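In: build me a model from this:
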Amino acid sequence: MPGDLTGVYLKIERAKAHLAELQDSINTGFDPGSYRFSLERDPQTDKHVLTVHDLPEIDPQWSLQAGDVVHNLRAALDHLAWQLVRLDKGTPGEHTQLPIRKSPFNQKGERIPPQLNPAVQNPQILAALEEIQPYYRPNGDNLSTPHLSLLWRIHRLDIIDKHRLLLVVRAVLNVGEMWWGEPLEGGKPDFKGTLEPVAEGAPVAWFDFHGAEPSADFDPHPSLAITMREDEMIELRATPLAKFLDGLSHFVEWDIIDAHFRPLFP
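Out: You can find the predicted model right below:
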């Protein structure tokens with residue numbers, strides 16, 4: 001019977017295995033106990049500055065492991081394309097891959113539906129290929145931010161990893177995990193944190209208590225996160241690397257394959 005998704009899911013599982021190795025390595029090499037923070041008042045600005053100390057070295061293997069995760073997810077999509085051609089009773093070849101496009105239009109402004117190589121005729125396959133595209137909206141409008149699509153990010157990151165290491169930033173302040181109570185009767189302080197890569201002894205956050213002093217037990221629970229940053233994906237600097245890759249894995253398995261293509265197979 002044509003069409004078998006076994007290899008597709010095996011590639012996804014391989015991506016998950018690389019991700020687990022990466023997460024374990026980050027947890028070991030960048031354990032919160034391996035660095036520390038100090039909070040001191042700056043007499044010039046009257047703000048309390050949070051500074052990081054004793055930063056551990058980043059492991060260059062993390063870039064390789066992140067690339068392995070992305071590549072296996074892209075390979076799972078190309079395995080899917082192979083099986084879709086077989087499902088359509090075609091003969092896949094070396095040019096068979098899942099089309100991922102930012103725009104439904106060619107250079108002449110003509111709307112060209114995504115297609116496999118060799119071309120398939122099954123209308124359900126063609127509809128599913130259209131529905132998953134980064135530009136797709138159910139009403140047919142062109143999405144203005146296709147570069148934010150997770151599918152497009154997988155496509156772009158896999159291309160990048162073929163030519164150079166994915167840029168894993170040394171560390172950034174994990175702003176999303178910070179929290180504190182009511183340190184003053186007047187309420188919480190004004191807070192500003194940076195998402196730029198941190199360096200040894202560098203300030204990472206500023207608290208303005210408006211001339212007052214924080215209570216002795218004030219604790220903003222700061223921590224650092226390892227993140228990825230690419231020019232066209234600059235917002236990823238605020239997302240922990242392993243969390244981002246886990247989201248990609250779930251997206252490929254559940255939102256792409258299970259939601260759009262698995263129902264097509266006997």
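
In: doesn't Arg197 lie inside a helix?
Out: Careful, residue 197 is Pro; it's not Arg. No. Applying DSSP: H, G, I helix; E, B strand; the rest coil, one finds Pro197 to be coil, outside a helix.

In: quick check: it vs Gly109, distance?
Out: 41 Å (C-beta to C-beta, to the nearest Å). C-beta here means a position set from N, CA and C on the backbone, and glycine is covered the same way.

In: between these two, tell me which one has more neighbours.
Out: Between Pro197 and Gly109, counted using other C-beta atoms under 10 Å, the more crowded position is Pro197 (15 against 7).

In: is it true that that one touches Ala171?
Out: Yes. Applying C-beta atoms under 8 Å, one finds Pro197 in contact with Ala171, separated by 6.7 Å.

In: how far is the host helix or strand of Ala127 from where the chain is centred?
Out: According to DSSP states H and E, Ala127 maps onto helix 123-131. Here helix 123-131 shows a centroid-to-chain-centroid distance of 26 Å under the convention C-alpha atoms, centre = their mean, to the nearest Å.

In: same question, stretch 250-262
Out: Using C-alpha atoms, centre = their mean, the offset of stretch 250-262 from its chain centre is 17 Å.

In: buried ones in that stretch?
Out: Within stretch 250-262, the residues scored as buried using 16 or more other C-beta atoms under 10 Å are 251-253, 256-257, 260-261.

In: which stretches of the stretch 151-266 of the chain form strands?
Out: Assigned by DSSP state E, counting those that start in this stretch, the stretch 151-266 of the chain shows strands spanning 168-173, 190-193, 203-208, 224-228.

In: pick the most buried one from those strands.
Out: Neighbour counts (mean count of other C-beta atoms under 10 Å) averaged over each of the strands of the stretch 151-266 of the chain peak at strand 224-228, with a mean of 22.
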